[in-house]
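Q: what follows is a predicted structure for the sequence shown.
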Amino acid sequence: MTVTMDGATPGSGITSGWLAAVPFEERTVGRVLERAAAARPDEVLFLFERRAYTVREVDAQVDLLARNLHAAGVGPGTRVALLMATSPEYLYGWLALAKIGAVEVPINTAYRGELLRYQLDKAKVSLAIVDRGALLDAVEAVRGDVPSLTGVLSFPGTYSDLLGTPDDAHLATDEAPAWGDGPAPGDIACVLYTSGTTGPSKGVLLSHHQQVAFGHFFAEITGLGPDDVLLNYSPFFHISGKFATLGCLLTGARMVLRSRLSIERFWDETREFGITVFVAIGGVCHMLSGCAPREDDADNPVRVVYAVPAPAEIYHDFEKRFGLKIVEAYGSTETNLIVNSSLEESLPGACGRPNPIFDVRIVDDEGHEVPDGVSGEVVVSSPDPLLLSAGYDGMPEATAEAWRGGRFHTGDRAVRDETGALWFKDRIKDSIRRRGENISSYEVERLVNSHPAVAESAAVGAPSELGEEEVRVVVVLRDGAAVTPEDLFLHYAESMPYHMVPRFIDIVHELPRTPTDKVEKYKLRTAGVGPNTWDSTSAGWRMTRTGPTRTA
């Protein structure tokens with residue numbers, strides 16, 4: 001019998017903490033909910049708009065929805081897209097699909113047009129569950145170009161009929177479900193799309209076991225327990241929204257569910273709801289730090305913030321000002337939370353130390369491990385393969401390339417120090433990280449180039465005052481074309497997802513290239529924003545979810 005590094009047999013995964021108490025065959029998303037409902041049915045799982053939802057109520061509602069979805073033709077393996085704002089209805093849909101063994105395909109609610117069509121078509125989605133209004137309109141606009149899409153349910157509307165009423169939720173029968181025993185831990189639960197750094201977005205295949213492990217690792221890193229109240233404002237098309245929810249189900253913590261974050265009211269809401277843990281993605285810590293100091297800043301119930309990335313330059317000041325601890329983790333949808341700091345040790349600027357369940361290495365271009373202090377690519381493997389993604393959906397070549405040599409190649413560059421801590425340096429790929437979103441430079445360029453005056457473009461990140469990056473595009477116009485950067489900005493504000501719209505625009509005669517005609521993006525990054533770069537913020541524009549607005 002083969003034995004893993006922690007003494008467990010392959011597939012058994014984690015041998016410590018909460019997950020160790022969960023038998024392997026029950027490590028599915030639906031089973032985690034059922035176990036929680038059996039253990040603590042009358043405890044509150046989450047609050048949404050000040051209404052409390054008990055574990056029993058959620059499980060009953062999910063069971064009812066699962067039975068109705070199955071009766072409507074959704075079965076094991078059915079691909080179902082969810083395009084919904086963060087809400088109880090999204091949570092019910094995700095968990096109901098998990099119980100059936102269907103495959104959830106969460107899609108960024110900012111996507112429209114070609115990006116939306118591509119993901120629906122690539123994932124071979126047969127049913128979409130969509131919020132009524134702009135999202136429903138967007139899906140209907142591309143529906144004719146997605147042959148696999150045979151049904152659309154809207155909320156409120158046809159999806160509401162399947163949800164039933166709160167009273168109906170308590171009428172779910174005890175009969176065995178029509179779909180049998182449900183999925184196995186290694187079955188695919190979700191196709192979660194990446195940002196598509198060097199090509200079209202890739203659908204990451206996540207098993208039930210991997211998702212449950214995500215929740216367990218998050219709970220371990222933050223010390224999440226039954227006395228905690230977690231603020232979850234992350235969208236469910238982002239992995240953090242999912243692992244935060246699963247962490248609560250695994251540990252008995254309560255969750256305050258929010259559709260978005262309010263910086264202005266943040267600390268008042270932590271006091272109102274007793275928030276003890278929250279996730280800070282992107283520039284959240286910078287934004288909170290930028291608020292005017294108050295005498296009662298440290299008078300709040302928060303004990304730990306899970307910050308990705310943790311702001312090294314204000315790390316200790318932030319902890320002292322708000323009276324809390326910062327922890328950080330490094331990972332990806334393809335891997336898991338493979339490196340993390342701890343509550344007992346502060347490592348400002350470092351990602352932390354590798355989780356011993358994973359084999360994390362730093363390698364050179366030939367795949368050879370490099371010494372401490374030398375920069376290289378982060379690669380990862382695990383004796384339990386179910387802790388990692390099953391690959392990219394329908395993309396065997398991309399899967400083989402990323403998992404070459406038996407290890408997943410992250411495309412990220414880091415340094416390991418003599419203590420074993422990892423220090424992230426840069427992204428080898430061209431992803432742009434803006435306020436917690438990984439943005440594909442490839443997709444930005446494709447949309448920028450759709451303007452009739454644009455011949456070609458290159459998208460790179462530019463430093464942001466809030467931390468991370470802003471989107472900058474360098475554009476070459478077609479011969480004889482005349483257009484201003486502001487004209488381009490207003491065009492893109494109407495035709496691109498709001499978070500992809502470039503803040504900085506340069507119009508140049510040519511792009512720097514290698515002898516093989518590849519664009520040398522590192523030169524654009526090195527040159528940075530210059531005196532001739534047009535800046536939408538300086539020009540008096542602010543991009544919002546609903547479109548551009550004038551600030552001056």
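A: Here it is on my side, so go on. Numbers count the residues shown, from 1 in each chain.
Q: and the pLDDT at the most centrally placed residue in the chain?
A: Here the mean C-alpha position of the chain is nearest to the C-alpha of residue 238 (C-alpha atoms, centre = their mean), at a distance of 2.4 Å. In this prediction, residue 238 carries a pLDDT score of 88.
Q: now swap in residue 267 and tell me
A: At residue 267 the predicted local distance difference test score is 96.
Q: over to residue 414?
A: So, for residue 414, pLDDT stands at 90.
Q: all the strands of the stretch 451-552 of the chain, residue numbers only.
A: Under the criterion DSSP state E, counting those that start in this stretch, the stretch 451-552 of the chain carries strands at the ranges 454-463, 469-477, 504-508, 534-535, 541-544, 547-550.
Q: deepest of these, which one?
A: A comparison of the strands of the stretch 451-552 of the chain by mean neighbour count, using mean count of other C-beta atoms under 10 Å, puts strand 469-477 on top with a mean of 23. C-beta here means a position set from N, CA and C on the backbone, and glycine is covered the same way.
Q: who are the packing partners of that strand?
A: Secondary structure elements in contact with strand 469-477, counted by 3 or more C-beta pairs under 8 Å, 6 or more residues apart in numbering; DSSP states H and E, are strand 432-434, helix 441-448, strand 454-463, strand 504-508.
Q: partner strands of the first one, with direction?
A: I take that to be strand 432-434. For strand 432-434, the pairing partners within the sheet under DSSP bridges are strand 437-439 (antiparallel).
Q: extract the CA atoms of stretch 35-54 and return them as CSV.
A: What follows is stretch 35-54 as a C-alpha-only set of coordinates in CSV (Å, rounded to 0.1, in the frame of the first residue of the first chain):
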residue,chain,number,x,y,z
ARG,A,35,-23.7,16.6,8.3
ALA,A,36,-24.0,20.2,9.5
ALA,A,37,-27.8,19.9,9.4
ALA,A,38,-27.7,16.7,11.4
ALA,A,39,-25.3,18.0,14.0
ARG,A,40,-26.7,21.5,14.6
PRO,A,41,-30.0,21.9,12.8
ASP,A,42,-31.3,25.0,14.7
GLU,A,43,-28.1,27.0,14.6
VAL,A,44,-27.9,30.0,12.3
LEU,A,45,-25.7,29.3,9.2
PHE,A,46,-25.9,32.8,7.7
LEU,A,47,-27.6,36.1,7.9
PHE,A,48,-28.7,38.0,4.7
GLU,A,49,-30.2,41.4,4.9
ARG,A,50,-30.7,40.9,8.6
ARG,A,51,-32.7,37.7,8.2
ALA,A,52,-31.3,34.6,9.9
TYR,A,53,-31.2,31.2,8.1
THR,A,54,-30.8,28.1,10.1
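Q: mind listing what's buried in it?
A: By neighbour count, with 16 or more other C-beta atoms under 10 Å as the criterion, the buried positions of stretch 35-54 are 35, 36, 37, 43, 45, 46, 47, 48, 53, 54.
Q: can I assume the fourth one is in contact with residue 53?
A: Read it as residue 43. No. Under the criterion of C-beta atoms under 8 Å, residue 43 lies out of contact with residue 53, with a separation of 10.4 Å.
Q: work out for me the element residue 206 sits within.
A: With the criterion set as DSSP states H and E, the secondary-structure element containing residue 206 is strand 203-207.
Q: who does the residue nearest to residue 273 when sequence neighbours are not counted form a beta bridge with?
A: Excluding the flanking residues, the one nearest residue 273 by C-beta to C-beta, 6 or more residues apart in numbering is residue 256, at 4.9 Å. Taking DSSP bridges, one finds residue 47, residue 231 as the beta-bridge partners of residue 256.
Q: wouldn't residue 256 be in contact with residue 47 here?
A: Yes. The criterion here is C-beta under 8 Å, and residue 256 meets it with residue 47 at 5.0 Å.
Q: any idea how far residue 247 is from residue 544?
A: Counting by C-beta to C-beta, to the nearest Å, the gap from residue 247 to residue 544 is 31 Å.
Q: related to what we said a few turns ago, what about the helix or strand just after the strand holding residue 206, average pLDDT?
A: With elements assigned by DSSP H and E, the helix or strand that comes after strand 203-207 is helix 208-222. Throughout helix 208-222, pLDDT has a mean value of 95.
Q: buried set for stretch 319-334?
A: Neighbour-count burial for stretch 319-334 flags 319, 322, 324-334 (criterion: 16+ other C-beta under 10 Å).
Q: what does stretch 155-162 give?
A: If you call a residue buried by 16+ other C-beta under 10 Å, then stretch 155-162 has these buried ones: 155, 159, 162.
Q: excluding its backbone neighbours, what's nearest the second one?
A: This means residue 159. Spatially, and ignoring its direct neighbours in sequence, residue 159 is nearest to residue 153 (4.1 Å; C-beta to C-beta, 6+ apart).
Q: make sure the one you found is indeed in a helix.
A: No. Counting by DSSP: H, G, I helix; E, B strand; the rest coil, one finds residue 153 to be strand, located in no helix.
Q: nearest to residue 388, out of the helices and strands packed on strand 469-477?
A: Closest of those to residue 388 is strand 432-434, at 22.1 Å (criterion: C-beta to C-beta).
Q: quick one: contacts for residue 212?
A: Residue 212 is in contact with 19, 22, 27, 28, 29, 32, 185, 246, 250, counting by C-beta atoms under 8 Å, 6 or more residues apart in numbering.
Q: circling back to that earlier point, can you redo the buried residues of stretch 35-54 as JSON lines with distance to residue 66 and pLDDT?
A: Putting the buried residues of stretch 35-54 into JSON lines (distance: C-beta to C-beta, whole Å; pLDDT from 0 to 100) gives the following:
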{"residue": "35", "distance to residue 66": "16", "pLDDT": "94"}
{"residue": "36", "distance to residue 66": "16", "pLDDT": "96"}
{"residue": "37", "distance to residue 66": "13", "pLDDT": "96"}
{"residue": "43", "distance to residue 66": "22", "pLDDT": "97"}
{"residue": "45", "distance to residue 66": "17", "pLDDT": "98"}
{"residue": "46", "distance to residue 66": "19", "pLDDT": "98"}
{"residue": "47", "distance to residue 66": "23", "pLDDT": "98"}
{"residue": "48", "distance to residue 66": "20", "pLDDT": "97"}
{"residue": "53", "distance to residue 66": "17", "pLDDT": "97"}
{"residue": "54", "distance to residue 66": "18", "pLDDT": "97"}
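Q: in helices, which of those fall?
A: Assignment to helices by DSSP state H places the following of these there: 35, 36, 37.
Q: and of these, the nearest to residue 519?
A: residue 36 (50.5 Å).
Q: I figured that closest one hits residue 249, correct?
A: Yes. Distance between residue 36 and residue 249: 4.8 Å, which falls inside the contact criterion (C-beta under 8 Å).
Q: what stretches of the stretch 401-550 of the chain score poorly on pLDDT?
A: 426, 514-518 (pLDDT under 70).
Q: report the two of the buried residues of stretch 35-54 separated the most.
A: Spatial extent of the buried residues of stretch 35-54 (C-beta to C-beta) is set by the pair 35 and 48 at 22.3 Å.
Q: tell me the bridge partners for the closest residue to residue 135 other than its chain neighbours.
A: On the basis of C-beta to C-beta, 6+ apart, the spatially nearest residue to residue 135 that is not a chain neighbour turns out to be residue 83, at 4.9 Å. Under the criterion DSSP bridges, residue 83 forms beta bridges with residue 130.
Q: how about residue 378?
A: According to DSSP bridges, beta-bridge pairing links residue 378 with residue 362.
Q: so who does it touch?
A: Residues near residue 378 by C-beta under 8 Å, 6+ apart: 330, 360, 361, 362, 410, 412, 413, 414, 422.
Q: show me the contacts for the first one.
A: Yep, that's residue 330 we're talking about. Neighbour list for residue 330: 308, 337, 338, 339, 340, 351, 352, 378, 422, 424 [criterion: C-beta under 8 Å, 6+ apart].
Q: again, only this time at 10 Å
A: By C-beta atoms under 10 Å, 6 or more residues apart in numbering, residue 330 lies in contact with 308-309, 337-341, 350-352, 354-355, 360, 378, 410, 412, 414, 422, 424.
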